[in-house]
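Chemist: Any chance you can model this:
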Amino acid sequence: MKDPIFIIFGAITVAFIVLLFLKVISKSKLCVLCASIGLTWISLLILFWLNLFNNPLLIALLIGNSVVGVYYLVEKKTPERLHIFRLPFFLTLLFMGYFLVSTSTIGEFIPTLGLLALLWLIFGFLYSYSHNSKLKSAVSYVINCCKNW
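Modeler: Residues are numbered from 1 along each chain as shown. The predicted model follows:
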C-alpha cells in the first residue's frame, strides 16, 4: 500500500483500542490518545533511524502533537507563576522534537541552543524579579499572553 497515512492512522487506532482496554482493566490515568500517538511516533522514529521508514514529515507531525500535549499537560499541572516560562519551555520541546528527526549533529545547533539558553536566562531573570514593581507588569503580560483568546 502506498498510503502511509492510512497505515499510521490504523496503527494509532489499534493502539488506542488496546490502550483503552488496558486503561479500563488497570484503572490508570493514562491519556490513551496521547499514548497512542506517542507509541506510534516512537515506533516510526526507530524505523526511520533503521532506514526502514523514510517519511520524517509524518513523524514530525506526530511529534508536534506530543509537544503540544506535553506543553498543555505541564501548563495545567504547574502554578500560574511558572507560566512565565511558556516560550522557552515550548521552544525547548519543539527543538527536542525537531532534533529527533534531524540528520544534523548537535554541533550544528549551537546558535539555537544559545538562543534557548538566553531565553531561559531572560525569563528566569523576569521570574526572579517578578515582585519588583518595575517588572511586575511585564511579567503579568507574559503570564497572561495566552489567556482569554
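Chemist: just checking, what packs against whatever helix or strand residue 41 lives in?
Modeler: Residue 41 is located in helix 32-49, with elements delineated by DSSP states H and E. With contacts taken as 3 or more C-beta pairs under 8 Å, 6 or more residues apart in numbering; DSSP states H and E, helix 32-49 sits against helix 4-26, helix 56-77, helix 86-101. To be clear about C-beta, it is placed using only N, CA and C from the backbone, and glycine gets the same treatment.
Chemist: In a markdown table: those helices, plus mean neighbour count.
Modeler: Shown next, in a markdown table, are the helices and strands packed on helix 32-49 (neighbours: other C-beta atoms under 10 Å):
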| stretch | mean neighbour count |
| --- | --- |
| helix 4-26 | 13 |
| helix 56-77 | 16 |
| helix 86-101 | 17 |
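Chemist: Just send these back as CSV, with mean pLDDT too.
Modeler: Shown next, in CSV, are those (pLDDT from 0 to 100):
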stretch, mean pLDDT
helix 4-26, 94
helix 56-77, 94
helix 86-101, 94
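Chemist: how many neighbours does residue 35 have?
Modeler: 19 (other C-beta atoms under 10 Å).
Chemist: Could you tell me which residues make contact with residue 75?
Modeler: 83, 86 (C-beta atoms under 8 Å, 6 or more residues apart in numbering).
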